[in-house]
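Enquirer: need a structure here:
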Amino acid sequence: MKRITLKYAMVTLSVFATVSVIVDAVHAKEMKMQESSYAPVMITKTFEAVREMDVAEKPEVMSKHMELLRKMYDLSGKTDLNATMSGGKPLLVGPTAKLRNGMTWESLGSLSPEEIKQKGVFPYTPLPHVKHATGGMVVAPMQLKTHPELVRFDVDFDLPEDFLPEFPPPLFLISRPDLGDVSGGEEITINNYYKKMNGILTPFQLEGLRLLVTPVAQQQFNISEDRKADKAQDAVSCFSCHTNGHTSGVFHLNPDNRPQETRFRIDTVSLRGVNIQHFFGSKRALRTLEDFSEVEAKTAYFDGDLVIALKKGARRFTREEIAAMAAMQNMIAFPPAPKLDIQGRLNPDKASESELRGEKIFSMACASCHPAPYYTDNLAHDLQVERFYDGRAEGLIKTFALRGIKDSPPYMHDGRCLTLEDTVEFFNLIQGLKLSAHQKTDLVAFMRTL
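Expert: Residues are numbered from 1 along each chain as shown. Have a look, this model is predicted:
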């Protein structure tokens, strides 16, 4: 009897040991999958279970994120009624970033990068996604009023509307500058694009516009169990983010690097003047607008994951369709800049003294990367921002065109600079310019004319 009991015990221990090894192996496999370049294809939970978990987590997720934002910024929203965007929306003025440890902008600008890092007082660290572990496209409330299909049940948009571009923004065409804003103050959608643009665009451009406003599947808005919208449907078009060929302030995570925690929040950039760009994409890997149009729908819509794109129904465009989409995008113009001459420089007869002083400062401090007439060198530069804070290297950042920059808040690739004043303060530190308060004011005045 004792032999049988002992034998049973040994067998039981052996089974437990085997189970333990299996559990450890599964756990190790799961950990390895988390570090994989690919997202898991099989979702083991039902949509109802996924939704229930996300909804339950949302209050804490939003509370923690908004607390972080309030520590980083003054979100009260001070406007300058004398400075407006192209459609008339007042510009917010700053800087909005909160300084630490009794610092002033002057005292902060006098410190070296090493001193700023050591003291932990750099005010422009990367802006995280609301729910960084999940990421994905998040749409502002102003757009959700007319697009409830883009509401996510797991997160809300974080920045107040005052800090965002106009909605809907004006649409200007290179081919018809005489018409001004061809949108007529409306958002161009699949429901009205033909009526509004027939007779203005060519048939090829009109077909491109149709494709740009046609909803397709996207990572968070599709038919799968892990979607973040209540209704299973194709809901996202190119113009969902690039509204009227500009931007509505939609943010997500860049698709270009892994693991997940190292990815950067990315703000939707404007398509205005995209015809002058030499390369495309957040990591500058695409050399034509046609390639950009194709790759965005196939991969970037799905966090850069080709496997998930196939699963969730990525739209496969023909080369003719892609060419039409590119042809339309090439017609989207920068907004008018009445104070600039044909070389993209200030006309002294139209500019103020502050704006003219600001142009001189810009020429000395900024024009090497942002030369006229479009204010981009069409290159990418590593600003080595990690010199100023403890964090991973951010790498190359594309030189964005500054024409019409006042219409595109927030600024930088991740939107960490909420105003033009914030952007000036950021580069004053990054480049060690040591600008005075008056010089900063003049520089902002000039940038508003662009």
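Enquirer: quick one, strands of the stretch 351-450 of the chain?
Expert: 380-382, 396-398 (DSSP state E, counting those that start in this stretch).
Enquirer: against which helices or strands is the first one packed?
Expert: Same thing as strand 380-382. Using 3 or more C-beta pairs under 8 Å, 6 or more residues apart in numbering; DSSP states H and E, the elements in contact with strand 380-382 are strand 396-398. All C-beta atoms are positioned from the backbone trio N, CA, C, and that covers glycine.
Enquirer: parallel or antiparallel, list what pairs with the strand it packs on.
Expert: Counting by DSSP bridges, the strands paired with strand 396-398 are strand 380-382 (antiparallel).
Enquirer: how does the protein divide up, domain by domain?
Expert: Domain segmentation of the chain under automatic domain parsing yields 41-71+137-334, 73-124+338-450.
Enquirer: shouldn't N101 be in contact with K119?
Expert: Yes - using C-beta atoms under 8 Å, N101 makes contact with K119 at a distance of 6.5 Å.
Enquirer: what separation do you get for A365 and K98?
Expert: 25 Å (C-beta to C-beta, to the nearest Å).
Enquirer: cool, and N378?
Expert: In terms of C-beta to C-beta, N378 sits 35 Å off from K98.
Enquirer: thinking again about what came up before, okay, the strands of the stretch 351-450 of the chain, which one's buried deepest?
Expert: The highest mean neighbour count among those, using mean count of other C-beta atoms under 10 Å, belongs to strand 396-398: a mean of 17.
Enquirer: skipping adjacent residues, who's closest to H278 in space?
Expert: Among residues not flanking H278 along the chain, N378 sits closest, at 4.2 Å (C-beta to C-beta, 6 or more residues apart in numbering).
Enquirer: mind putting the domains of the chain into JSON lines with distance to E35 and mean pLDDT?
Expert: Output for the domains of the chain, formatted as JSON lines (distance: least, C-beta to C-beta, whole Å; pLDDT from 0 to 100):
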{"stretch": "domain 41-71+137-334", "distance to E35": "6", "mean pLDDT": "94"}
{"stretch": "domain 73-124+338-450", "distance to E35": "16", "mean pLDDT": "96"}
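Enquirer: including distance to V130, could these go into JSON lines?
Expert: Listed next are those as JSON lines, based on distance: least, C-beta to C-beta, whole Å:
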{"stretch": "domain 41-71+137-334", "distance to V130": "5"}
{"stretch": "domain 73-124+338-450", "distance to V130": "12"}
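Enquirer: report the contact partners of the nearest residue to F302 once chain neighbours are set aside.
Expert: Nearest residue to F302, sequence neighbours excluded (C-beta to C-beta, 6+ apart): A309, at 4.0 Å. Neighbour list for A309: 298-299, 301-302 [criterion: C-beta atoms under 8 Å, 6 or more residues apart in numbering].
Enquirer: try L69
Expert: 75, 158-159.
Enquirer: now, which of the residues you listed sits nearest M85?
Expert: Sorting those by distance to M85 puts L159 at the head of the list, at 15.8 Å, by C-beta to C-beta.
Enquirer: what separation do you get for the closest one and L127?
Expert: Taken as C-beta to C-beta, the span from L159 to L127 is 9 Å.
Enquirer: tell me, what's touching the two both at once?
Expert: When contacts are counted by C-beta under 8 Å, 6+ apart, L159 and L127 have G415 as shared neighbours.
Enquirer: more neighbours, these two?
Expert: Neighbours were counted for L159 and for L127 using other C-beta atoms under 10 Å; L127 has more, 23 against 19.
Enquirer: mind listing what's buried in whatever helix or strand V50 lives in?
Expert: Element membership of V50 [criterion: DSSP states H and E] is helix 47-72. Going by neighbour count (16 or more other C-beta atoms under 10 Å), the buried part of helix 47-72 is 50-51, 54, 58, 61-62, 65, 69, 72.
Enquirer: reformat those residues as JSON lines; add distance to G94.
Expert: As requested, these are exported to JSON lines (distance: C-beta to C-beta, whole Å):
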{"residue": "V50", "distance to G94": "39"}
{"residue": "R51", "distance to G94": "38"}
{"residue": "D54", "distance to G94": "34"}
{"residue": "K58", "distance to G94": "29"}
{"residue": "V61", "distance to G94": "27"}
{"residue": "M62", "distance to G94": "24"}
{"residue": "H65", "distance to G94": "21"}
{"residue": "L69", "distance to G94": "14"}
{"residue": "M72", "distance to G94": "12"}
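Enquirer: and which of those is nearest to E321?
Expert: V50 (33.2 Å).
Enquirer: contacts only, for the closest one.
Expert: 43, 225-226.
Enquirer: and these, which are buried?
Expert: Looks like those have D226 buried, using 16+ other C-beta under 10 Å.
Enquirer: okay if I get the contacts of V50 as a markdown table plus secondary structure and distance to M412?
Expert: Below are the contacts of V50 laid out as a markdown table (DSSP: H, G, I helix; E, B strand; the rest coil; distance: C-beta to C-beta, whole Å):
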| residue | secondary structure | distance to M412 |
| --- | --- | --- |
| I43 | coil | 34 |
| E225 | coil | 35 |
| D226 | coil | 30 |
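Enquirer: which one of the contacts of V50 is nearest to L144?
Expert: Closest to L144, out of all of the contacts of V50 and judged by C-beta to C-beta, is D226, at 20.9 Å.
Enquirer: who's the most centrally placed residue in the chain bridged to?
Expert: When C-alpha atoms, centre = their mean is applied to the chain, the residue found nearest the centroid is D267 (1.1 Å). Counting by DSSP bridges, D267 is bridged to F251.
Enquirer: does Q343 really touch Y375, like I thought?
Expert: No - in this structure, Q343 is not within contact of Y375 by C-beta under 8 Å, at 11.9 Å.
Enquirer: how are the helices of this protein distributed by residue range?
Expert: 2-34, 47-72, 105-109, 113-119, 141-144, 193-197, 203-212, 238-241, 289-298, 306-312, 319-329, 353-365, 420-430, 437-449 (DSSP state H).
Enquirer: tell me the most buried of those?
Expert: Highest mean neighbour count among the helices of the chain (mean count of other C-beta under 10 Å): helix 238-241, a mean of 24.
Enquirer: which secondary structure elements does that one sit against?
Expert: Using 3+ C-beta pairs under 8 Å, 6+ apart, the elements in contact with helix 238-241 are helix 203-212, helix 289-298.
Enquirer: ok now it, how far from the chain's centre?
Expert: How far helix 238-241 lies from its chain's middle: 12 Å, per C-alpha atoms, centre = their mean, to the nearest Å.
Enquirer: who's in contact with it?
Expert: By C-beta under 8 Å, 6+ apart, the residues outside helix 238-241 that reach it are 137, 139, 147, 150, 187-189, 211-213, 215, 245, 247-248, 250, 268, 293, 296-297, 325.
Enquirer: now the terminal residues of stretch 408-427, how far apart.
Expert: From its first residue to its last, stretch 408-427 covers 17 Å (C-alpha to C-alpha, to the nearest Å).
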